[in-house]
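>>> Sharing a model prediction with you, sequence too.
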Amino acid sequence: MAITIRDIDKHYYMIASLKSLTNSNVTTKALIKGGYLAVDLGQQLEDERLKRIKAESELQELKQKFSSYIKSKEELLDALK
């Protein structure tokens, strides 16, 4: 497999950061490791998004239960008057 990088001057700082992040001095190796890191971070992001959606759903359910409780309490107090 061959990787050709054109206009390396345009990408110099990104490649330098990627080499530092992946602890690699070889550009192609850093790019491949960076790709794997991106895939892993993408999966982590998706997992966190699903956790957030679940937590928001649970919060909404709890809000509805609490609202129902307050409404029932007020109706009970009104009935006792």
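Right, received. Where do you want to start? Just so we're clear, the structure is a prediction, and the values are computed from it rather than from any experiment.

>>> May I see the buried residues of the helix or strand that Ala16 is a member of?
Using DSSP states H and E, Ala16 sits in helix 12-22. Buried positions in helix 12-22, judged by neighbour count with 16 or more other C-beta atoms under 10 Å: 15, 18-19, 22. Glycine gets a C-beta too; all of them are placed from N, C-alpha and C.

>>> what would those look like in TSV with distance to Ser57?
TSV is the format used below for the buried residues of helix 12-22 (distance: C-beta to C-beta, whole Å):
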residue	distance to Ser57
Ile15	42
Leu18	38
Lys19	42
Thr22	37
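
>>> can you list these in TSV and add pLDDT and distance to Glu74?
What follows is the buried residues of helix 12-22, written out as TSV (pLDDT from 0 to 100; distance: C-beta to C-beta, whole Å):
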residue	pLDDT	distance to Glu74
Ile15	90	65
Leu18	94	61
Lys19	95	65
Thr22	95	61
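
>>> Any stretches of the chain with poor pLDDT?
Applying pLDDT under 70 to the chain flags residues 1-3.

>>> Which stretches in it count as helices?
Taking DSSP state H to define them, one finds helices in the chain at 12-22, 27-80.

>>> Done for today, thanks.
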